[in-house]
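In: build me a structure from this.
(chains A and B)
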Number of protein chains: 2
Amino acid sequence: MRSIKHGSTLAMSSPAAARLGGGRAASALERGLLRKMLGYLGNPAVGLRLWDGEALDPAAAELVRVHLLDPGTLLSLALDPEFQFGELYSSGRLEVEGDLVALLEALFAAQRKDRGIRSRLLHLIHAPRPNLPGMATANIQQHYDIGNDFYQLWLDPQLLYTCAYFSTPELGLEQAQVAKMEHVCRKLRLLPGERVVEAGCGWGALALYMAREHGASVQAYNLSREQIAHARRRASAEGLQDRVEFVEADYREIRGEYDAFVSIGMLEHVGSSHYSDLGQVIDRCLGQRGRGFIHAIGTDYASPLNPWIERRIFPGAYPPSLREMMAVFESAGLSVLDVENLRLHYARTLEHWLARFDAAAAQIEAMFGATFVRAWRLYLAGSLAAFRRGKLQLFQVLLHRGDDDQVPWTRAHLYDAAPWNPPKS
Amino acid sequence: MRSIKHGSTLAMSSPAAARLGGGRAASALERGLLRKMLGYLGNPAVGLRLWDGEALDPAAAELVRVHLLDPGTLLSLALDPEFQFGELYSSGRLEVEGDLVALLEALFAAQRKDRGIRSRLLHLIHAPRPNLPGMATANIQQHYDIGNDFYQLWLDPQLLYTCAYFSTPELGLEQAQVAKMEHVCRKLRLLPGERVVEAGCGWGALALYMAREHGASVQAYNLSREQIAHARRRASAEGLQDRVEFVEADYREIRGEYDAFVSIGMLEHVGSSHYSDLGQVIDRCLGQRGRGFIHAIGTDYASPLNPWIERRIFPGAYPPSLREMMAVFESAGLSVLDVENLRLHYARTLEHWLARFDAAAAQIEAMFGATFVRAWRLYLAGSLAAFRRGKLQLFQVLLHRGDDDQVPWTRAHLYDAAPWNPPKS
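Out: Numbering: from 1, shown residues only, chains lettered A, B, ... in the order given. Prediction:
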């Protein structure tokens, strides 16, 4: 699982470093700042190289080093490490010697659950952007409207940008994404002719799969114009435009009654202050026999998203703890039938994405420049490290009405070789 | 599923009723009180018969009636219906005409999520007893030390007093309890020689099963003296006394490190103010590869336990919402791998228990008197109605460390015909 290596490009070689840092040794004040910062970070097992070439290394089996290319980099990093690491890495003022994922894993491994008042203050300064109806669109478009061409370079051919399901770990990414869609449909016990609403449908792969493979009729909502346009083209090309309608709108605008509500990878963008909105939407969508399904990144304990990720990659995002996620359903009186944690599956998915991203790095750099490539590599590597170290989890939650007796007695149908058949009643 | 009928015994026939109520018609004040009470209860589809024989019936397909045998019964019931219904039914001052379970289902069906200030005030008056270490023992002994002879009359032969697992709904109670124990062991992926600690072990069936069928070595804790004595006798009789140690102590006294922590039907007795105690116990028990398992009655949304059940049947008990339950694990930084809701299974279990209890009612009345029989019938019928109507749910939660990579990729091993085999590493 840990075979991907990211050798540092070491683009800034010593002459450049010497120019920026003046080649002088670190002062006593700078050394003090470094010690403070390492203490704040839980003294991770990572080495440091200063601008003058001096290396400060802990005893560690597999050494990875952060190379600070000038004294200003040290100052920025020491004052606000969680935000500035991303800024400095993207801009090339900080290099990584050794495997980037290993470095980030070492940082996560050292991270304490509560890092005290300073961490809370910094997270206040970096408070995530709200997801009020007007702002949610901008938040979503910043990430998902970068361009379909870009995502086609490193996602699977159907463009599923959420955790795949490796029913066996050897599965390829493309197969594992299909296995994920089938796993979701089985959990929902989808029957031909049923009506499904999807909140946050990405490029439409699941909506089209439900219509094509399970005979469902689907309304799929999304705020990303680029994604919706792609999804509509695909529906027409496959002749599914009568069974799948793609709607460019916020989940709060969903109307009508459905047999199933499904949302894959949207809850992270909802923001905890809007959980009761989402609960109400699910509640009013579903009749007495309706099923709901939420697939989302979460955590074992509530903690803020890394502020650099929130600012540069996913504005307005917050992965909730499973307890916080339950508030969506509790507020609406929905009943949780099944929760499955797919953390290992997201780590595997990210290994595939990162390898494909790196393979396409030259093309991506030609499209968006070196800073973009470095920022996105850091985001993908950081996500991989977070799933490996358990800082992030992936929860699939199946919902229904608390007194619905039409649920299966066991979950064996999820693992049958044969497709799901409803019991004869 | 709804084939069990509880015909009212109608022991208090009209002459007795006439004697108590004086045979006079209800006054305007009494009728006003009745209307108020029915409004408070959400106007359930149940009929009422007054002491003078007058019937006040709603339009309902299958009529069940509450028969108030005297004006004092009406007064008590109207002032504090949720507590007094149990008191009056047990003592025979209130009779049920028709199926008791159907009546309770109708009451649950009408119940609103929030019944306002009056409900909150009444629940304040009936606040559950705390479970501080000294008091927990008394709370547990009031229920579980009634006598093993009593429980042997209506539980399965191995005395499992928690939800069974009907891998097919036709399974008998005894088989379904064995299926439950196997389901738990498979979720924990128990291997020969592993050390297990069980918190709240009842009469010891699961601890003995884990040792006998899976080669585990088990320490099992319980506060009930009668249960522990029975469990020790059974361990000796089966020659398992070297592999299963029964400890008469509170879960907070658990020490040592184990491969698995398991607790079936204890969380309901812990009380939400002690959830972090329980989380800490699980945390300190389990090493980096440890697994935890909690099986407990819960709810879809937080609401107080019926005060009569808390007073007369389960002192100090509280079934948490799934969100509240998650606080146990979040406080300890444990990761939830799997949640399964077995509501239908508990309804089925209670159907078996209630039928067996009723079959043994004459014997139980000879042991403890008629009031006891009526109180326990009401408790079992009320629990059945609550699970049928979704007022109670049963959650099985599997826990582990958030960065433990030794978890299986899927849950298919739970449904294999063959026993669980660890992957070769």
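In: ok, residue A:238 - contacts?
Out: Shown in contact with residue A:238 (CB atoms under 8 Å, 6 or more residues apart in numbering or on different chains): A:208, A:212. Placement of C-beta: from N, CA and C, glycine included.
In: same check, this time on residue A:329
Out: Residue A:329 neighbours (CB under 8 Å, 6+ apart): A:279, A:282, A:292, A:335-336, A:397, A:399, B:300, B:322.
In: next one: it from residue B:339, what distance?
Out: Distance from residue A:329 to residue B:339, counting by CB to CB, to the nearest Å: 12 Å.
In: on that earlier part again, I'd like the contacts of residue A:329 laid out as CSV, including secondary structure and pLDDT.
Out: Shown next, in CSV, are these (DSSP: H, G, I helix; E, B strand; the rest coil; pLDDT from 0 to 100):
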residue, secondary structure, pLDDT
A:279, helix, 96
A:282, helix, 97
A:292, strand, 98
A:335, strand, 97
A:336, strand, 98
A:397, strand, 98
A:399, strand, 98
B:300, coil, 96
B:322, helix, 97
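In: just among these, which is most surrounded?
Out: residue A:292 (29 neighbours; other CB atoms under 10 Å in any protein chain shown).
In: which residues does the residue nearest to that one when sequence neighbours are not counted contact?
Out: Computed as CB to CB, 6 or more residues apart in numbering or on different chains, the closest residue to residue A:292 that is not its neighbour in sequence is residue A:399, at 3.5 Å. Listed by CB under 8 Å, 6+ apart, the contact set of residue A:399 reads A:261, A:282, A:291-294, A:329, A:334-337.
In: just the terminal-to-terminal distance for stretch A:216-228.
Out: In stretch A:216-228, first residue to last residue: 19 Å (CA to CA, to the nearest Å).
In: so which bits of that stretch are buried?
Out: The neighbour-count check on stretch A:216-228 (16 or more other CB atoms under 10 Å in any protein chain shown) flags A:216-224, A:226-228 as buried.
In: what is the nearest of the residues you listed to residue A:379?
Out: Checking these against residue A:379 with CB to CB, the nearest one is residue A:224 at 17.7 Å.
In: burial of the residue found closest to that closest one once you drop the neighbours it is linked to in the chain, as a residue count?
Out: The shortest distance from residue A:224 to any non-neighbouring residue, by CB to CB, 6+ apart, is to residue A:144 (3.8 Å). Counted with other CB under 10 Å, the neighbours of residue A:144 add up to 23.
In: export only the CA atoms of the host helix or strand of residue A:278, formatted as CSV.
Out: Assigned by DSSP states H and E, residue A:278 belongs to helix A:275-285. What follows is helix A:275-285 as a C-alpha-only set of coordinates in CSV (Å, rounded to 0.1, in the frame of the first residue of the first chain):
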residue,chain,number,x,y,z
TYR,A,275,-27.2,19.8,8.9
SER,A,276,-30.8,20.3,9.9
ASP,A,277,-31.5,21.8,6.4
LEU,A,278,-30.2,18.6,4.9
GLY,A,279,-32.1,16.4,7.3
GLN,A,280,-35.3,18.3,6.4
VAL,A,281,-34.7,17.8,2.7
ILE,A,282,-34.2,14.0,3.2
ASP,A,283,-37.2,13.9,5.4
ARG,A,284,-39.5,15.6,3.0
CYS,A,285,-38.2,13.6,0.0
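In: which non-adjacent residue is nearest residue A:153?
Out: residue A:360 (4.1 Å).
In: quick one, phi psi at the one you found?
Out: Here is the backbone geometry of residue A:360 (degrees, to the nearest 10): phi -100, psi 10.
In: just give the number of residues close to it.
Out: When counting by other CB under 10 Å, one arrives at 16 neighbours for residue A:360.
In: likewise residue A:99?
Out: By the criterion of other CB under 10 Å, residue A:99 has 19 neighbours.
In: now swap in residue A:32 and tell me
Out: When neighbours are defined as other CB under 10 Å, residue A:32 has 12 of them.
In: in three-state terms, label it for me.
Out: helix (DSSP: H, G, I helix; E, B strand; the rest coil).
In: and it, how far from residue A:78?
Out: With distances taken as CB to CB, residue A:32 is found 9 Å from residue A:78.
In: one more: residue A:371?
Out: Counting by CB to CB, the gap from residue A:371 to residue A:78 is 22 Å.
In: and stretch A:92-106 with chain B, contact?
Out: No. Against chain B, stretch A:92-106 shows no contacts by CB under 8 Å from any CB of the partner chain, the least distance being 9.5 Å.
In: my bad, should have said stretch A:107-124
Out: Yes. Applying CB under 8 Å from any CB, one finds stretch A:107-124 in contact with chain B at residue A:113.
In: one more: stretch A:31-48?
Out: No. Applying CB under 8 Å from any CB, one finds stretch A:31-48 separated from chain B by no less than 14.5 Å.
In: give me the mean pLDDT for that stretch.
Out: The average pLDDT for stretch A:31-48 rounds to 93.
In: hmm, who's touching that stretch?
Out: The contact list for stretch A:31-48 (CB under 8 Å, 6+ apart) reads A:26, A:55-58, A:60, A:63-68, A:74-75, A:77-78, A:81, A:97, A:103, A:106-107, A:109-112, A:115, A:118-119.
In: just the strands in chain A please.
Out: Per DSSP state E, chain A carries strands over the ranges A:47-49, A:55-56, A:65-68, A:94-97, A:195-199, A:217-222, A:244-248, A:258-264, A:286-298, A:335-341, A:393-400.
In: which one of those has the lowest average pLDDT?
Out: Comparing mean pLDDT over the strands of chain A, the weakest stretch is strand A:55-56, at a mean of 90.
In: which residues are contacting that strand?
Out: Where contact means CB under 8 Å, 6+ apart, the residues beyond strand A:55-56 that reach it are A:34, A:47-50, A:65.
In: what about it, distance to the chain center?
Out: In terms of CA atoms, centre = their mean, to the nearest Å, the centre of strand A:55-56 is set 33 Å apart from its chain centre.
In: low-scoring stretches of chain A, by residue?
Out: Residues of chain A meeting the criterion pLDDT under 70: A:1-22, A:60-61, A:418-425.
In: quick one, domains of it?
Out: With domains defined by automatic domain parsing, chain A comprises A:14-125, A:133-414.
In: deepest in the core, which of these is it.
Out: Sort the domains of chain A by mean neighbour count, taking mean count of other CB atoms under 10 Å in any protein chain shown, and domain A:133-414 sits at the top with a mean of 20.
In: pretty sure residue A:398 sits against residue A:291.
Out: Yes. Residue A:398 lies in contact with residue A:291 (CB atoms under 8 Å); the separation is 6.9 Å.
In: common neighbours of these two, please.
Out: In contact with both residue A:398 and residue A:291: residue A:188, using CB under 8 Å, 6+ apart.
In: mind checking the longest helix of chain A?
Out: The helix that spans the most residues within chain A, counting by DSSP state H, is helix A:370-388.
In: just the CA trace of that helix, in CSV.
Out: The C-alpha trace of helix A:370-388 is given here as CSV (Å, rounded to 0.1, in the frame of the first residue of the first chain):
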residue,chain,number,x,y,z
ALA,A,370,3.9,24.7,-11.3
THR,A,371,2.3,26.2,-8.2
PHE,A,372,-1.0,24.6,-9.1
VAL,A,373,0.6,21.2,-9.6
ARG,A,374,2.5,21.5,-6.2
ALA,A,375,-0.7,22.6,-4.4
TRP,A,376,-2.8,19.7,-5.8
ARG,A,377,0.0,17.2,-5.2
LEU,A,378,0.1,18.3,-1.6
TYR,A,379,-3.7,18.0,-1.3
LEU,A,380,-3.8,14.5,-2.7
ALA,A,381,-0.7,13.4,-0.7
GLY,A,382,-2.1,15.0,2.5
SER,A,383,-5.5,13.3,2.0
LEU,A,384,-3.8,9.9,1.5
ALA,A,385,-1.7,10.4,4.6
ALA,A,386,-4.8,11.5,6.6
PHE,A,387,-6.7,8.3,5.6
ARG,A,388,-3.7,6.1,6.2
